[in-house]
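> Here's my sequence, what's the structure:
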Amino acid sequence: MKIGIMGLGLPGGGTQPWLYNFGYDLVSDPPEIYFSSRQAGSFEWEFHSTTTFPGEGNGNIATGGGAAVVAGLNSLTVDLSLYPAETGYLFVYVKNGSKRSNIARTPQFTTAGSPPGGIIVDEGASTGVTFSNITVSSVNYRLAVMTNGGQLVVTQDGPAEWEVIASGGAGGNTRAGGGGAGKRKTGSGTLTAATYTAVVGAGVAGRGTQGQGANGNDSSFNGLVAVGGGGGGHSLSNVAQVGSNGGHGGGGGGGNSGTGNPAGGTSTDGGNAGGNGYRDATPSNRAGGGGGGEGAAGGNGAIPLGGNAGARVQSDFDGVLTWVCGGGVGAGTTPGTAATGAGGPGWGGDGVLTGTSGAGIAGRVLVRWAI
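Predicted coordinates for the structure are as follows:
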């Protein structure tokens with residue numbers, strides 16, 4: 001600890017000789033201030049920059065305080081992290097009602113400044129968020145993960161990137177199509193000081209009785225919306241049902257009556273369609289189409305094969321290379337081929353001949369910024 005300068009006057013007069021034994025540690029981040037006070041009150045501070053405004057005592061760029069001061073020895077910190085790195089002087093005093101103490105002043109020093117990248121997130125005030133440090137392509141990031149929705153509290157503007165994945169659609173039941181994958185989107189830009197709400201699309205259950213698979217749920221962050229995957233079609237009383245539309249389309253179901261093969265669902269969010277189902281008078285030949293994936297459309301059903309799942313894509317946004325957003329497999333006497341890595345975020349569920357179809361997998365919202 002070093003000793004600072006005591007007894008400076010305060011503009012406006014009315015100062016009281018309360019402060020004595022003043023010291024400081026300016027190497028710490030945040031700086032630590034030590035002093036004794038003859039009067040209880042509140043701790044107040046001012047930082048006067050000589051970088052932006054040359055001249056001792058001029059250029060007040062930061063003020064703060066409010067911490068309780070006791071009569072006796074006090075040890076307090078000064079949080080300058082919300083401000084850019086500056087060189088200047090720190091002035092401290094005690095306030096009690098309308099009265100103020102004499103001022104103590106540190107020598108000139110340079111503050112640590114705000115973190116690289118500029119953005120500051122209040123992790124304690126954020127809810128539903130898990131934070132960690134990651135490295136992607138040799139760049140160090142702070143990562144915020146929201147798998148069930150949450151609120152990210154930003155206290156200082158700065159650049160960031162985000163990934164938004166919707167949940168996949170469920171597969172259909174009875175010679176049915178696979179569910180379409182949830183859409184994946186990425187964005188970047190400056191997050192200004194505000195509270196940002198992340199909506200994360202929940203997974204949808206597989207269907208246990210004959211019928212259409214449920215559509216997935218949308219995810220969103222900072223105005224970027226990713227649409228949930230379409231549910232897989234099915235064969236109801238020999239009447240084929242088309243796949244549902246969604247972020248990526250669900251696969252069409254297999255059936256008998258009518259003409260033409262039942263269509264896969266289309267994308268409502270710039271994604272890929274589900275594959276067509278296959279219609280045939282012989283039940284064992286009917287097959288559902290594969291659900292559309294982020295990487296490709298779902299495959300068409302054919303005697304007696306279910307359509308292949310639409311291809312998935314890889315994401316290393318969180319520092320771990322993960323397969324995401326693959327479509328579900330179409331059902332047939334022989335099912336279609338699944339996309340490698342099934343089960344990642346945003347995956348569509350598989351269609352089934354009987355039993356319970358595959359569930360649509362939940363999405364996620366990730367936000368990262370350089371540190």
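> quick one: the helices in the stretch 251-371 of the chain?
For the stretch 251-371 of the chain, no helices are identified by DSSP state H, counting those that start in this stretch.
> show me where it has strands.
With DSSP state E, counting those that start in this stretch, the ranges of strands along the stretch 251-371 of the chain come out as 313-315, 322-324, 364-370.
> can you redo those as CSV with distance to residue 248?
From N, CA and C alone the C-beta is placed, and that goes for glycine too. Shown next, in CSV, are the strands of the stretch 251-371 of the chain (distance: least, Cβ to Cβ, whole Å):
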stretch, distance to residue 248
strand 313-315, 11
strand 322-324, 12
strand 364-370, 16
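> looking at these, which is buried most?
Across the strands of the stretch 251-371 of the chain, averaging neighbours per residue (mean count of other Cβ atoms under 10 Å) puts strand 364-370 on top, at a mean of 25.
> Poorly predicted segments of this structure, please.
1-14, 52-61, 81-84, 113-117, 237-240, 255-259 (pLDDT under 70).
> care to break it down by domain?
Using automatic domain parsing, the domains assigned to the chain come out as 2-110, 116-371.
> Let me know the secondary structure of the closest residue to residue 22 other than its chain neighbours.
Nearest non-adjacent residue to residue 22, counting by Cβ to Cβ, 6 or more residues apart in numbering: residue 104, 4.0 Å away. Look at residue 104: counting by DSSP: H, G, I helix; E, B strand; the rest coil, its state is strand.
> For residue 104, grab the count of nearby residues.
By the measure other Cβ atoms under 10 Å, the count of residues near residue 104 is 26.
> Could you identify which of the domains of the chain is most buried?
Taking mean count of other Cβ under 10 Å, domain 116-371 is the most buried of the domains of the chain, at a mean of 25.
> helices and strands around the strand or helix carrying residue 162, which ones?
Secondary structure from DSSP states H and E places residue 162 in strand 158-165. Contact here means 3 or more Cβ pairs under 8 Å, 6 or more residues apart in numbering; DSSP states H and E; on that basis strand 158-165 packs against strand 184-191, strand 219-221, strand 224-226, strand 364-370.
> angle of it against strand 364-370?
Orientation check (axes from the mean of the first three to the mean of the last three Cα atoms, to 10 degrees): strand 158-165 against strand 364-370 gives 160 degrees.
> and the angle from strand 158-165 to strand 184-191?
Computed by the same axes, to 10 degrees, the angle between strand 158-165 and strand 184-191 is 160 degrees.
> Within the sheet, what are the partner strands of strand 158-165, with directions?
strand 184-191 (antiparallel), strand 364-370 (antiparallel) (DSSP bridges).
> Pull out the CA atoms of the shortest one and give them to me as PDB.
Coordinates of the C-alpha atoms in strand 364-370 are reproduced here as PDB (Å, rounded to 0.1, in the frame of the first residue of the first chain):
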ATOM      1  CA  ARG A 364     -30.300 -23.700 -28.700                       C
ATOM      2  CA  VAL A 365     -29.200 -20.100 -28.600                       C
ATOM      3  CA  LEU A 366     -25.500 -19.300 -28.300                       C
ATOM      4  CA  VAL A 367     -23.800 -15.800 -28.000                       C
ATOM      5  CA  ARG A 368     -20.100 -15.200 -28.000                       C
ATOM      6  CA  TRP A 369     -17.700 -12.200 -27.900                       C
ATOM      7  CA  ALA A 370     -14.000 -11.900 -28.100                       C
END
